[in-house]
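[1] Sequence first, predicted coordinates after that:
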Amino acid sequence: MNKHLYIEESFNKIREKGLVVPVELVPGTVITDLEKYLNALKTGYLESKEPRIDQLFFEKIEQLKKM
């Protein structure tokens with residue numbers, strides 16, 4: 001699965017959850033604007049050329065999907 005398709009499917013699942021902000025992703029990380037956060041994740045993940053950075057974005061997206 002390519003990055004674009006993964007983001008589209010994952011973000012749809014996250015939005016379907018109807019998370020109420022503020023959301024605490026991990027202790028110390030509070031999301032106050034979910035759409036702004038998702039857009040930042042999308043931009044960073046799509047523009048990343050480094051596999052280690054890709055993994056960090058992937059992990060954050062997966063954390064949101066598990067909430």
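    It's in.
[2] drop to CA atoms for contacts and neighbour counts, all remaining ones
    Will do.
[3] Give me the helices and strands touching the least confident helix or strand in the chain by mean pLDDT, please.
    Using mean pLDDT, DSSP states H and E, the weakest-scoring helix or strand in the chain turns out to be strand 23-26, at a mean of 85. Packing partners of strand 23-26 (3 or more CA pairs under 8 Å, 6 or more residues apart in numbering; DSSP states H and E): strand 29-31.
[4] Count the residues that sit near residue 42.
    20 (other CA atoms under 10 Å).
[5] Could you pull up the residues touching it?
    The neighbours of residue 42, taking CA atoms under 8 Å, 6 or more residues apart in numbering as the test, are residue 7.
[6] Next up, the contacts around residue 37.
    Contacts of residue 37 by CA under 8 Å, 6+ apart are residue 31.
[7] and it, how far is that from residue 1?
    22 Å (CA to CA, to the nearest Å).
[8] circling back: just checking: what are the partner strands of the least confident helix or strand of the chain?
    Paired with strand 23-26 in the same sheet, following DSSP bridges, are strand 29-31 (antiparallel).
[9] Which residues does the partner strand contact?
    Here strand 29-31 has contacts from 21-25, 37, using CA under 8 Å, 6+ apart.
[10] Adding distance to residue 5, write the residues you listed out as TSV.
    TSV is the format used below for the contacts of strand 29-31 (distance: CA to CA, whole Å):
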residue	distance to residue 5
21	25
22	27
23	25
24	26
25	23
37	18
